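Visitor: prediction below, plus the sequence it came from.
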Amino acid sequence: MKSFLSKTKKAWRSYFDVHRNLEIAFEQERQAYLNRATAIGALLAACLVPFFSILDAVFKPDHFLIFLYIRIATTLFAVMIFTLTRKPLGRRYSYTLGAVLTLVVAGSIAIMCRLDQGPADPYYAGINLPILGFGMLLPMTIFEGAIIFTIAWMSYFIPNVLILEPAQIPIFVSNNFFMLSSILIALASSQFHLYHRRSAWLANQELKKANEKIQHHAENLEKQVKERSQRLIQSERLAVVGQLAGGIAHDFNNILTAILGTSQLALISLPKTHPVREDLAAIYHVGERAVNLVKQLLAFSRKQVLQPHLINLNDVIEDIRKMLQRLIGENIVLNVELNDNIGNVMADPIQIEQILLNLAVNARDAMVDGGTLTIQTCNAVLDEAYCRMGKLALKPGRYVRMTFIDTGQGMTEEVRAKIFEPFFTTKRKGKGTGLGLASVYGIVRQSKGDIIAYSEPGKGSSFKVYLPLVDACPEMEKPVKMPKYRAVKTGKETILLVEDELHVRRLTARILEKQGYTVLQAEEGISALELARNYEGQIDMLLTDIIMPRMNGPALAERIKKIRSDIKILFMSGHVDSIIMRHGLEKTTSNFLQKPYTMESLNSKVRTVFGN
C-alpha cells in the first residue's frame, strides 16, 4: 500500500511539474507576443492620433490648436513606447507598456471631450478605439484586461461626471453603456485570443516533440541502415573469400594430410640423433601453420564442418582457464565472473575454445603494458525493440552472453567498423594475419549467434558473444565437458579404407597399420563394395572419404551396412560443410574426421568410434 501511495504521489508530482513547466514556457511566449502586439499598437496610435486632427479642423476649429498639441504629445508618447518595445527592458515589461499606451490614448481623448462639450461630446467614441484595438491585439488575462479597460473608462467617467448637467444625463448614460459594452467585447476578444494562442502554442509544442521523435527515429533508422549496410558489405566480402577458401580447401587439405602424416612417420622412424630430423620437424611445423591458416579461412567464411554438442560455456571456460592465463602473460590479470545459472548452448566445444583463445590474444595485444581481462557469462533476453535497432543480426529470444572486457588502448570508430573483416589488422607487418577476429565472427555466426564490439580510444574494449540458449530436454544429450587429452590406445580391428587420393590412402593405411590395425584399401566405392562382399574375415570399420567418383561415401556406407550390419562407419573429407551436406551427410555427425589430420587425431577418432 505504501509503495502504491508513493508511486501515485510521484506520478502526480511529475504531472504538476510538467504542467508548471509548460505554463512557465507559455508565459514567456505570451510576453514575447505582448511585446510584438504593443509595438503594433504603438505604431497604429502614432499614425491614427495625428490623422484625426483633420476632424478637429472641420468640427472643432475653436479648439484645433490645443487639440493639436494634445495629439502631438500623444503621438510622441506612442513613438517612445514603440522604441521601448525594441529594448531588453521594454521586452520584460510589455504588459505595462501596453497598459500605459492604452491609458494615454484613452486619456487624451477624454481630455479633449472635457475641454469641449463634456459628457455630450461625440469624441467619446474615440475611447472605444484603444479599448477594442488592444482587446483584439493583446492576449491578456481577465485581470490584466479589466485593470487597463477600467482605468481607461474612469479617465472618461470621472472628469465628466464632475461637470455633468441634468440635461446631459441621458447622453452620458448611453455613452457609458456603449463604452462598457466595448470593454466587455474587448475582454471577450482578449480571452478568445489568449485561449487560441495557448492552444496553438501547445499544439506547436506537441508538433515539436513529434518532430524531435521523428528526427530521432530517422537518425536511428539511418544508423541501422548504415550498420546493416556494413554487415552486408562484410558478408559479401566473406562470401567472396569463402568461395575461394572452399574451392581450394579439399585439394589443399589432402596435400597437408600427406605432408603432416609423412613427416610424422619419418620423425618416428628416425633416431633422435639423425641429422634429417631437424629438417623434417621444420616441415611438420610449417604444415601445422598451413593447417591453422586453412581453418581460419574456413572459420570466418563459415564453411568449416562443426560438430556441435549441448554444452555449458562455463565448463569450456574453466577447462582452458589455465591455458588462457599462460597465453595472456603474467602482466595481465585474468578475472573470470561466471554466472552459475546460465543455460546451455548447442555449439562445437572445440570452436568455442577457438573463440576464447582468439579473443584472449586480441585482448593481450591491446594491453602491451599490462591490464585486466574480464570474462563474464550470463543469460540475456533480446526483445523485438532491441533486435530492430540493427546492432545484432538476431531474432528476439533467449541467449547466453559471453563478454570479454579488456583495459587496453581501445579503438576508434573507424577501426571498430572493420575489425571483423578478413585480413584487417592494426598490428605491424609480420605480427598478425588479420584472421583472428574474422574467424571468431565466422564461428559465432555459423553457430546461429552474433558478436558485437564496443570500444573507445583509451577506454578499452568489450566483445559480447550471443549464442541461442537451448532448453535441455530428456531426449537431448546432457551438456558435455571438454575431454582431457590422453594417450591413444592401439587396436587389432580390421578397417576398410576407401580414399581416391593415392598419397592420402597410402599414408592413412601406414598410420593405422602402425597402430596395429589390419587395413583393406580401395580407391573408390565400387571396388570397396566388391571387397566387402568377397572378404571372408571380419570388417570392423569403414573409413571412407565422402566425395569420390562413381559412388560417394554415404551411399557406400548405406550399401555396405546391408552386407555387414554391425560395421562401424567413419567419414573423412577435406571439403567444406556445404558441399558435404549436399552429398547426404549431416554436418552435426560425430562420426566425421576433417582433413588434414595428424596421426594423433586419426587414431583418436578411430578409437572414439570403436568406443561408441
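Guide: Noted; the coordinates are in hand. As the structure is a prediction and not an experimental result, all values here were calculated from the model.

Visitor: next one: the longest helix seen in the chain to chain centre, how far?
Guide: If you go by DSSP state H, the chain has its longest helix at helix 169-269. Relative to the centre of its chain, helix 169-269 is centred 11 Å away, using C-alpha atoms, centre = their mean, to the nearest Å.

Visitor: what does stretch 308-321 give?
Guide: That offset, for stretch 308-321, works out to 29 Å (C-alpha atoms, centre = their mean).

Visitor: I'd like the mean pLDDT over that stretch, please.
Guide: The average pLDDT for stretch 308-321 rounds to 88.

Visitor: just the buried positions in it, please.
Guide: Buried residues in stretch 308-321, counted by 16 or more other C-beta atoms under 10 Å: 308, 309, 310, 311, 312, 313, 314, 315, 316, 317, 319, 320. In short, each C-beta sits where N, CA and C put it, glycine included.

Visitor: which of those fall in helices?
Guide: Those of the buried residues of stretch 308-321 lying in helices (DSSP H): 313, 314, 315, 316, 317, 319.

Visitor: the fifth one: what's it in contact with?
Guide: The one in question is residue 317. Residue 317 makes contact with 336, 338, 356, 375, 377, 402, according to C-beta atoms under 8 Å, 6 or more residues apart in numbering.

Visitor: do you know how far the second one is from residue 529?
Guide: Applying C-beta to C-beta, to the nearest Å, the value for residue 338 to residue 529 is 51 Å.

Visitor: now the third one
Guide: Remark: distance between residue 356 and residue 529 (C-beta to C-beta) = 44 Å.

Visitor: more neighbours: which of these two?
Guide: residue 356 (24 against 19; other C-beta atoms under 10 Å).

Visitor: for the contacts of residue 317, work out which two are farthest apart.
Guide: Within the contacts of residue 317, two members stand farthest from each other by C-beta to C-beta: 338 and 356, at 12.6 Å.

Visitor: okay, and the common contacts of the two?
Guide: With C-beta under 8 Å, 6+ apart, residue 338 and residue 356 have common neighbours 317, 375.

Visitor: what about the closest residue to residue 366 other than its chain neighbours, which SS state?
Guide: Leaving aside its sequence neighbours, residue 366 sits nearest to residue 408 (C-beta to C-beta, 6 or more residues apart in numbering; 2.9 Å). Residue 408 falls in the coil class when you classify it by DSSP: H, G, I helix; E, B strand; the rest coil.

Visitor: do you know how far residue 408 is from residue 363?
Guide: Distance of residue 408 to residue 363, computed by C-beta to C-beta: 7 Å.

Visitor: who has more neighbours out of these two?
Guide: Remark: of residue 408 and residue 363, residue 363 carries more neighbours, 28 against 24, as counted by other C-beta under 10 Å.

Visitor: one step back: relative to residue 202, which of the buried residues of stretch 308-321 is nearest.
Guide: residue 313 (53.7 Å).

Visitor: what about the helices in the stretch 301-450 of the chain?
Guide: In the stretch 301-450 of the chain, the helices defined using DSSP state H, counting those that start in this stretch lie at 313-319, 321-328, 349-366, 384-388, 413-416, 436-446.

Visitor: what's the answer for the stretch 501-612 of the chain, then?
Guide: Taking DSSP H, counting those that start in this stretch as the test, the helices found in the stretch 501-612 of the chain are 502-514, 525-534, 553-563, 577-582, 599-611.

Visitor: which residues are contacting the last one?
Guide: By that I understand helix 599-611. Contacts of helix 599-611 (C-beta under 8 Å, 6+ apart): 261, 264-265, 488-489, 491, 493, 495, 508, 511-512, 514-515, 517, 540-541, 543, 568-570, 590-591, 593, 597.

Visitor: same question for that helix: list its buried residues.
Guide: Those would be 599, 602, 603, 604, 605, 606, 607, 609, for helix 599-611 by 16+ other C-beta under 10 Å.

Visitor: mean confidence score for that helix?
Guide: What helix 599-611 shows for mean pLDDT is 87.

Visitor: before we move on, what about the second one?
Guide: Over the span of helix 525-534, the pLDDT mean works out to 91.

Visitor: list the contacts of it.
Guide: Contacts of helix 525-534 (C-beta under 8 Å, 6+ apart): 496, 498, 520, 522, 539, 542, 544, 548, 550-553, 555-556, 559-560, 563-564.

Visitor: next one: that helix to chain centre, how far?
Guide: Worked out by C-alpha atoms, centre = their mean, helix 525-534 lies 59 Å from the chain centre.

Visitor: how about residues contacting the lengthiest strand in the chain?
Guide: As assigned by DSSP state E, the longest strand anywhere in the chain is strand 371-382. Residues outside strand 371-382 that contact it (C-beta under 8 Å, 6+ apart): 313-314, 317, 324, 328, 332-339, 341-343, 356, 360, 363-364, 367, 392, 394-408, 460, 466, 469.

Visitor: among those, which lie within strands?
Guide: Of the contacts of strand 371-382, the ones assigned to strands by DSSP E are 332-338, 397-406, 466, 469.
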